[in-house]
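S.K.: Show me the folded form of this:
(4 chains)
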Number of protein chains: 2
Amino acid sequence: MPTATEPHYTIGAFAKAVGLTAPTLRYYETEGLIEPHRLTNGRRYYEEADINWVKFLLHLKGTGMSISELKQYVQWRAQGDATIPQRLALLQQVKADFLVQFNEVQHHLQILNDKINWYEEKEAGLTADQENFHAYLQRLEHHE
Amino acid sequence: MPTATEPHYTIGAFAKAVGLTAPTLRYYETEGLIEPHRLTNGRRYYEEADINWVKFLLHLKGTGMSISELKQYVQWRAQGDATIPQRLALLQQVKADFLVQFNEVQHHLQILNDKINWYEEKEAGLTADQENFHAYLQRLEHHE
DNA sequence: GGTTGACTTAAAGTATACTTGAAGTTATAT
DNA sequence: ATATAACTTCAAGTATACTTTAAGTCAACC
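M.R.: Numbering: from 1, shown residues only, chains lettered A, B, ... in the order given. The predicted structure is shown next:
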């Protein structure tokens, strides 16, 4: 039940507060990621602390965790401190996968940058002899 | 037609060379991203230069470009140098979007790291007074 | 007190990027 | 020569993460 000192949110207000839509919040709820309280008339309400929780979930999601991985994490969390090793192992695996991906996208960015520079030089008429992009990359020693 | 000095690939061999599957290559072809040659019996064959092309497409894809954006890029490319400004603008927009995402995921990583450290300290019994994660983040001045 | 907007559930639909299946042809290996 | 593996097309199926629709209830404002 809401109190005067602890402001609460309808699903619409809460959706705005966390940057999601009401249907998405309901979907996350069916997936077990969130458990809002209910007013006596059946309507959901969310509290301030739920904002931190959803934002944390979105950070995890942003590192590449799927909804089902988040669900597993949340289930372990509900089981108490005994599951901390499992949760820690999951997050460490997520981090390891993330770092692999992170290195890959940095390389993708490098090639994108190289292509942009190549076009800019071509537009400026600076690539003297119509050097193609592959040769350009090799000159920069940016392989693949 | 293949020559002796320019090795060519069947779809299966080419798929291995670029790290995709044969069905994915056919799918990319229907999307207009690749245009392999055909042997007289109707079978596709790919040349060495096609490897660079597909790898380049995969780099662009890795920066966040969708198949339909890649298709647009490829169509412009087929229209010749007159479309270089459009291609450049597209890639610059992709880069700008990428950099926004990149900053966001770095923040996601920071929170993931913080959570892992928090669990590790908790496991080691180092968090003296059961400091919760939100308080821990605030102590580190890692907001949200 | 009535209209408008927000809420409720459940189920169906959407977008993206493939993946798989079916039915058939062609190459390669023993 | 025959079996197996790789290829062909076209259509249908899959996974993920929502989004939309339908049918109805409830709340706030003038």
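S.K.: how about the helices in chain A?
M.R.: Here chain A has its helices, by DSSP state H, at A:11-18, A:22-30, A:48-62, A:67-78, A:84-123, A:133-140.
S.K.: Any chance of those helices in a markdown table with mean neighbour count as columns?
M.R.: In this view, the C-beta of every residue, glycine as well, is placed from N, C-alpha and C. As requested, the helices of chain A are arranged in a markdown table below (neighbours: other CB atoms under 10 Å in any protein chain shown):
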| stretch | mean neighbour count |
| --- | --- |
| helix A:11-18 | 17 |
| helix A:22-30 | 15 |
| helix A:48-62 | 17 |
| helix A:67-78 | 15 |
| helix A:84-123 | 16 |
| helix A:133-140 | 14 |
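S.K.: residues contacting the spatially closest residue to A:Gln101 that is not a sequence neighbour?
M.R.: Spatial nearest neighbour of A:Gln101, excluding adjacent residues (CB to CB, 6 or more residues apart in numbering or on different chains): A:Gly64 at 6.6 Å. A:Gly64 sits next to A:Val94, A:Asp97, A:Phe98, A:Gln101 when contact means CB atoms under 8 Å, 6 or more residues apart in numbering or on different chains.
S.K.: can you rerun that using 10 Å?
M.R.: A:Gly64 makes contact with A:Val94, A:Lys95, A:Asp97, A:Phe98, A:Val100, A:Gln101, A:Phe102, B:Val105, B:His108, B:Leu109, B:Leu112 under the criterion CB atoms under 10 Å, 6 or more residues apart in numbering or on different chains.
S.K.: Can you pull up the most central residue in chain A?
M.R.: Nearest residue to the geometric centre of chain A (CA atoms, centre = their mean): A:Gly62, 1.2 Å.
S.K.: re earlier: the helices of chain A: which one's closest to DNA strand C?
M.R.: Taking CB to the nearest atom of the strand, helix A:11-18 is the member of the helices of chain A nearest to DNA strand C, at 2.6 Å.
S.K.: Which strands or helices does that closest one pack on?
M.R.: Judged by 3 or more CB pairs under 10 Å, 6 or more residues apart in numbering or on different chains; DSSP states H and E, helix A:11-18 is in contact with strand A:8-9, helix A:22-30, strand A:44-47, helix A:48-62.
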